[in-house]
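Q: quick one, structure for this:
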Amino acid sequence: MIQLSTILTIYFMMNALLIYDFTKDSDTRNWYIVDDVVMGGRSNGNFYINSEGNGVFHGFVSTENYGGFSSVRHRLEKTNVEKFQSFTLKIKGDGKIYQFRIKSSHTDYYSYIAHFRTTGDWQTVELPFNEMYPSFRGRKLDLPNYRGDTLEEIAFLIANKKEEHFKLEIESINLK
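A: Down below sits the predicted model:
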């Protein structure tokens, strides 16, 4: 007799696509920080794998010199995502608001954005494609929301218009 947990695991695997699953052996060379220093700001983000095998994005956001953001980005091989409708993030934050950002193509000048609030505990956050809006340099663009065709870059960003330390642990990123 097959257990319900086995059936649920099989169902999830058939209806989801793993984009990234952090482990103690994860290579962080394909993850890179982009802070407001590219515009003269003073924010400082870092990224590493902790002893539990999770990705950790942490640092300090400074509003000095018109700054105010820190991000960590990862470029993927172009992936067809037409069979899916949302992203599912397994994360643990610090009670702050973050953005999950994606690009259909790494050459796009804009990103599609979804905001999420962390609770301080481990949580699963689902972000529907059709709620992710296009934005460039903090401004919402007059373009359609993400239609879910291709995916080539993912990112996490913090930009809450105030000086603050931050820490976001990431266990996995899936398509559902």
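
Q: show me what secondary structure element comes after the lowest-mean-pLDDT helix or strand in the chain.
A: Using mean pLDDT, DSSP states H and E, helix 4-14 stands out as the lowest-scoring helix or strand of the chain, at a mean of 43. The helix or strand immediately downstream of helix 4-14 is strand 17-21, counting by DSSP states H and E.

Q: run me through the strand neighbours of that next one, direction for each.
A: strand 164-175 (antiparallel) (DSSP bridges).

Q: so what touches the strand it pairs with?
A: With C-beta atoms under 8 Å, 6 or more residues apart in numbering as the test, strand 164-175 has contacts from 16-22, 50, 54-61, 70, 81, 84, 86-94, 96, 98, 118, 122, 151, 154, 156, 158. All C-beta spots, glycine's among them, are computed from the backbone N, C-alpha and C.

Q: could I have the buried ones of those as PyMOL selection syntax?
A: Buried members of these can be picked out in PyMOL with the line below, counting by 16 or more other C-beta atoms under 10 Å:
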select buried, resi 19+20+22+54+55+56+57+58+59+61+70+81+84+86+87+88+89+90+91+92+93+94+96+98+118+151+154+156+158
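
Q: just the ones in strands from the contacts of strand 164-175, please.
A: 17-21, 55-61, 70, 86-92, 98, 122, 151, 154, 156, 158 (DSSP state E).

Q: show me the shaky parts of the chain.
A: 1-14 (pLDDT under 70).

Q: what's around the spatially closest residue to Lys90 that is not a sequence neighbour, how many residues?
A: Nearest non-adjacent residue to Lys90, counting by C-beta to C-beta, 6 or more residues apart in numbering: Glu171, 4.0 Å away. Using other C-beta atoms under 10 Å as the criterion, Glu171 is surrounded by 18 other residues.

Q: all good on my end, thank you.
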